[in-house]
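Engineer: sequence first, predicted model second:
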2 protein chains.
Amino acid sequence: MFDVRPVAYVIGLLTACLGASMLLPMALDMYVGNGHWPAFAESAIITAGAGTLVAVATSNGVADRLSIQQTFLLTTGVWLALPIFGALPLYVGATEARYVDAFFEAMSGLTTTGATVFTQLEDLPEGLKLWRSMLQWFGGIGIIVVAMVFLPELRVGGMQIFRSEAFDTMGKVLPRAVQIAAQISYFYVGLTVACGVAYVIVGMSPFEALNHALTTMSTGGFSTSDASFGAFQGIAEYVASFFMILASLPFVRYVQLLSGSARPLLRDSQLRAYLATILVFTLIFTLFRLYVFGDHPEEGFREGLFNVVSIISGTGYSSVDYQLWGSFAVATFFFLGLIGGCAGSTACSVKIFRYQLLFASIKAQIRRIHTPHGIFQPRYDGKPVGDDVLSSVMSFFVMFVVSLGIFAVLLGMTGLDFITSLSGAATALANIGPGLGSEIGPAGSFANLNDTAKWLLAAGMLVGRLELLAVYAIFTIRFWRA
Amino acid sequence: MFDVRPVAYVIGLLTACLGASMLLPMALDMYVGNGHWPAFAESAIITAGAGTLVAVATSNGVADRLSIQQTFLLTTGVWLALPIFGALPLYVGATEARYVDAFFEAMSGLTTTGATVFTQLEDLPEGLKLWRSMLQWFGGIGIIVVAMVFLPELRVGGMQIFRSEAFDTMGKVLPRAVQIAAQISYFYVGLTVACGVAYVIVGMSPFEALNHALTTMSTGGFSTSDASFGAFQGIAEYVASFFMILASLPFVRYVQLLSGSARPLLRDSQLRAYLATILVFTLIFTLFRLYVFGDHPEEGFREGLFNVVSIISGTGYSSVDYQLWGSFAVATFFFLGLIGGCAGSTACSVKIFRYQLLFASIKAQIRRIHTPHGIFQPRYDGKPVGDDVLSSVMSFFVMFVVSLGIFAVLLGMTGLDFITSLSGAATALANIGPGLGSEIGPAGSFANLNDTAKWLLAAGMLVGRLELLAVYAIFTIRFWRA
Ligand SMILES: [K+]
Ligand SMILES: [K+]
């Protein structure tokens, strides 16, 4: 078996950092005088302590260069270790929470899913509200780094297509991750601040604005009230839509933009397809609301835009229960959620570039049928796409659909009804947040699900967030033999 | 544009034959003295007349060798022309039927889907009952020929993998189709007779046995009573399960078996995987019924077997409303329906060999991740599979899922609820028959859907039956330019 120490070392360090970050909600709790600060202090000590211990114990095995197996294990290991410890403040601090609930919430946070098992969020201590938002924010930056460095390196889900783009310093994964995290974090922090300021301007309290900025830029979708964005209807929906879109575009384009090159941003084909999809569906819903329901055009446009962006970007805020718009809306939002945003952002799900590649491949195949001896290579962004990328993308799609089926059947076995099982599996795998139906729909909550279902959904979030193969590969015997 | 006369000629001939076959239900109607025989006579004259006219008008363009475009057009053309005329006896004969209902029923018949818009089937004249069953039986043999000759030739959905198998007389499609139809028809007729006799032995009336034999061997699923197979619980369910399995195995194996070679049958990998899947899910349901509901083991096994086979083979008979077994059963049956039987049979849906190929491809990809410079070719039946087959199969899967989404959204737009839209789209595309929910579920009917939904579902059946690409290719500009 390969050496796990370099992996454990990095996980230990990140866990220690997570522990240190718990001092922030602790400070907030002391400031507002809620008296919950010991919960954060305890959690911080346990988390930082455990992380430091692991890091110290494995520091004799530190390596700059990770093997492919070590890289896989690191990716999944981080997203398993951090929720385990990230759950502590919720477990210790919210007196009625059981560990399964705290873990679900932390996993939902760090995978930027945003499904919540907490109800009456308004009554949650401010420190815990902030902690939930922080988990999503950490998850968001983490996943951008994973999408830009780890997945291309691991050639998971066709992400190798983004491999040599902009950052072609092949070789060492960890130094590159640190370098990219640093570059990206300027934009991530900057946009979060801008988003928060905008929210304050349109009427949120500074604390609400902070929380929602953290969960908007991570396309996470946790809110500070049970009504989610229903509490902020009006111009705040436009602001949120704008920043949700920014959060689901490829961050590498921002880096290029700052270095003076706007061309890559303007000519990015996934970005164009993504914005076009948003535009089309927003118009459909506007017209639908206008002509079928006779609603005010501005209201129809605003709610259409907000909910389309919220679902397709995988944020999962809800401002209204769109299930009331009829079954056309329900079916459309279900499948919009399976489209997803751009690769290299905090967005999740299948992602728009994969559909572009799949359609290019189908198109090439139809041409090949008509001209059997012609050679037709699918193209993306004007460049021919290699067979390994195409088969990765297709495997991803198959695994996604098959996983959706398996998770839905397993959830059904725990007693959930069909629509809750199916939409629950979809919303977990695609890291969106709300499902469908009366229980886990936009107006519902995951609080009353049984424990098995909660564990299953948490597993689905992890699997979906790491693009399936990064997790599944670990379960092969071959993996551990290497 | 290419010459459409050879295509029109064959469609004309087949339509004329369909018209001639209407004399059978006419004779039955005369025999039982229902007085409906003029409906069949009129339909027969119109159909045979129209078919003959077209054949005569295009006989100057007859060609033995069809181009790839002509072959495509023929496949879709046949499955569009025959339902248009096959609907006539139902339209003229069942006084209350509107054309949309008659067309839906005929398309459901010829695609072997088995969804029905007729209620109180018991009161339908015997001639019409027989006609519905005959449509399915014709559709069944037709689809075996399409699956064995046309789709491999057209390289649709990876069917080219079955190209050189057993029949490698490359070249002329039509003579090969006739030859194979002749070879297959011995088994198709023989098994239908055997099935009918067995049904009589276990207690059906000869007329019921005839109808159910026709719809069993075609995995069609039309029945003579609203209760479907609920009217024949007990040993008849075992008989039906046995023949539904036989109907969903590759018919080429029977031909080989008769010519003295049992090896291909015993070593067929899709056949093994198919039977194993049936066994596993039957056992799961037996145990589930035994331990959760405390049902009698034989009853649980029998109903489990019957319903698993009915759904996975795409027959769609229902003996009980399995929705009452809880949401685990609902979710399982939904996804079982998306598996389907063996290629080269009357069964439909994605089909088991495609999943085998997809999993082989994913496995090869995982190996490639661990050993980036190794060469891993996915294998099927021990032989390496070419990239063109894999990309065909994957494109099929993507098109299937995307079509499912589009049809579900369109059905939702007509006002159907989400579960009816989604399961309706699935049951039409996979040619199964019953959907989910109270309206179109195993205990319901398609009668009360709106007309738009009926047209959409009929289109879905056609698209699904011809493995999507065979229909979609016709809608490309390039196709007509050739
Ligand atoms: K989310
Ligand atoms: K069927």
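Structural biologist: Everything's here; your move. Ligands and ions are numbered 1, 2, ... in the order given.

Engineer: residues of the stretch 51-200 of chain A that sit close to ligand 1?
Structural biologist: By C-beta under 5 Å from the ion, the residues of the stretch 51-200 of chain A that approach ligand 1 are residue A:114. All C-beta spots, glycine's among them, are computed from the backbone N, C-alpha and C.

Engineer: for the stretch 51-200 of chain A, give me the ranges with low pLDDT.
Structural biologist: Scanning the stretch 51-200 of chain A for pLDDT under 70 picks out A:94-95, A:163-172.

Engineer: so which residues of it form helices?
Structural biologist: Secondary structure of the stretch 51-200 of chain A (DSSP state H, counting those that start in this stretch): helices at A:68-86, A:88-93, A:99-110, A:126-145, A:151-154, A:173-201.

Engineer: in this structure residue A:396 contacts residue A:468, no?
Structural biologist: Yes - between residue A:396 and residue A:468 there is a contact under C-beta atoms under 8 Å: 6.6 Å.

Engineer: now do the SS call for the residue of the stretch 151-300 of chain A found nearest ligand 2.
Structural biologist: The stretch 151-300 of chain A approaches ligand 2 most closely through residue A:284 (33.4 Å), counting by C-beta to the ion. Under DSSP: H, G, I helix; E, B strand; the rest coil, residue A:284 falls in the helix class.

Engineer: residue A:40 too?
Structural biologist: helix.

Engineer: overlap in contacts, residue A:396 and residue A:468.
Structural biologist: A:156, A:157 (C-beta atoms under 8 Å, 6 or more residues apart in numbering or on different chains).

Engineer: re earlier: so can I have a markdown table of the helices of the stretch 51-200 of chain A showing distance to chain B and mean neighbour count?
Structural biologist: As requested, those are exported to a markdown table (distance: least, C-beta to the nearest C-beta, whole Å; neighbours: other C-beta atoms under 10 Å in any protein chain shown):
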| stretch | distance to chain B | mean neighbour count |
| --- | --- | --- |
| helix A:68-86 | 6 | 22 |
| helix A:88-93 | 29 | 24 |
| helix A:99-110 | 21 | 26 |
| helix A:126-145 | 20 | 25 |
| helix A:151-154 | 6 | 24 |
| helix A:173-201 | 14 | 17 |
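
Engineer: let's have those in TSV, adding distance to residue A:318.
Structural biologist: Converted to TSV, the helices of the stretch 51-200 of chain A look like this (distance: least, C-beta to C-beta, whole Å):
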stretch	distance to residue A:318
helix A:68-86	24
helix A:88-93	22
helix A:99-110	15
helix A:126-145	16
helix A:151-154	29
helix A:173-201	17
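
Engineer: reformat these as a markdown table; add distance to ligand 2.
Structural biologist: Shown next, in a markdown table, are the helices of the stretch 51-200 of chain A (distance: least, C-beta to the ion, whole Å):
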| stretch | distance to ligand 2 |
| --- | --- |
| helix A:68-86 | 42 |
| helix A:88-93 | 50 |
| helix A:99-110 | 41 |
| helix A:126-145 | 43 |
| helix A:151-154 | 41 |
| helix A:173-201 | 51 |
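
Engineer: right, and these - which one's nearest residue B:310?
Structural biologist: helix A:99-110 (37.7 Å; C-beta to C-beta).

Engineer: who in the stretch 351-482 of chain A is up against ligand 1?
Structural biologist: residue A:433.

Engineer: ok, whatever residue of the stretch 351-482 of chain A ends up closest to ligand 1 - how many residues close by?
Structural biologist: Taking C-beta to the ion, ligand 1 has its nearest neighbour within the stretch 351-482 of chain A at residue A:433, 4.4 Å off. Neighbour count of residue A:433, defined by other C-beta atoms under 10 Å in any protein chain shown: 31.

Engineer: where does it sit: helix, strand or coil?
Structural biologist: Applying three-state DSSP: residue A:433 is coil.

Engineer: how near is the residue in the stretch 101-250 of chain A that chain B sits nearest to to ligand 1?
Structural biologist: Going by C-beta to the nearest C-beta, chain B is nearest to residue A:155 of the stretch 101-250 of chain A, at 6.0 Å. The spacing between residue A:155 and ligand 1, counted by C-beta to the ion, to the nearest Å, is 26 Å.

Engineer: just checking, residue A:323 touches residue A:436?
Structural biologist: Yes - if you go by C-beta under 8 Å, residue A:323 and residue A:436 touch, sitting 6.9 Å apart.

Engineer: intersection of neighbour lists for the two?
Structural biologist: Joint contacts of residue A:323 and residue A:436 (C-beta under 8 Å, 6+ apart) are residue A:330.

Engineer: these two: who's more crowded?
Structural biologist: Applying other C-beta under 10 Å to residue A:323 and residue A:436 shows that residue A:436 carries more neighbours, namely 25 against 20.

Engineer: for burial, what's the neighbour tally of residue A:474?
Structural biologist: Residue A:474: 16 neighbours (other C-beta under 10 Å).

Engineer: quick check: it vs ligand 2, distance?
Structural biologist: Counting by C-beta to the ion - residue A:474 and ligand 2 are separated by 40 Å.

Engineer: these two touch, right, that residue and residue A:75?
Structural biologist: No - contact criterion C-beta under 8 Å: residue A:474 and residue A:75 do not qualify, at 9.2 Å.

Engineer: for stretch A:177-188, C-alpha coordinates in CSV please.
Structural biologist: Once non-C-alpha atoms are left out, stretch A:177-188 reads as follows in CSV (Å, rounded to 0.1, in the frame of the first residue of the first chain):
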residue,chain,number,x,y,z
ALA,A,177,-3.1,24.2,-5.0
VAL,A,178,-1.7,26.8,-2.6
GLN,A,179,-0.7,29.1,-5.5
ILE,A,180,-4.2,28.9,-7.0
ALA,A,181,-6.0,29.2,-3.8
ALA,A,182,-4.0,32.4,-3.2
GLN,A,183,-4.8,33.8,-6.6
ILE,A,184,-8.5,32.9,-6.5
SER,A,185,-9.0,34.1,-2.9
TYR,A,186,-8.6,37.7,-3.9
PHE,A,187,-11.6,37.5,-6.1
TYR,A,188,-13.5,35.2,-3.8
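
Engineer: and it, how far out from the chain's middle?
Structural biologist: 17 Å (C-alpha atoms, centre = their mean, to the nearest Å).

Engineer: contacts for it?
Structural biologist: By C-beta under 8 Å, 6+ apart, stretch A:177-188 touches A:140-141, A:144-145, A:148-150, A:167, A:169, A:217, A:251, A:254-255, A:258.

Engineer: not counting its neighbours along the chain, what's nearest whichever residue of the stretch 251-400 of chain A sits closest to ligand 1?
Structural biologist: Closest approach between the stretch 251-400 of chain A and ligand 1, counting by C-beta to the ion: residue A:316, at 4.0 Å. Counting by C-beta to C-beta, 6 or more residues apart in numbering or on different chains, residue A:316 lies nearest to residue A:433, which is 2.5 Å off, once chain neighbours are set aside.

Engineer: tell me how far that neighbour lies from chain B.
Structural biologist: Noted for residue A:433: a distance of 18 Å to chain B, by C-beta to the nearest C-beta, to the nearest Å.
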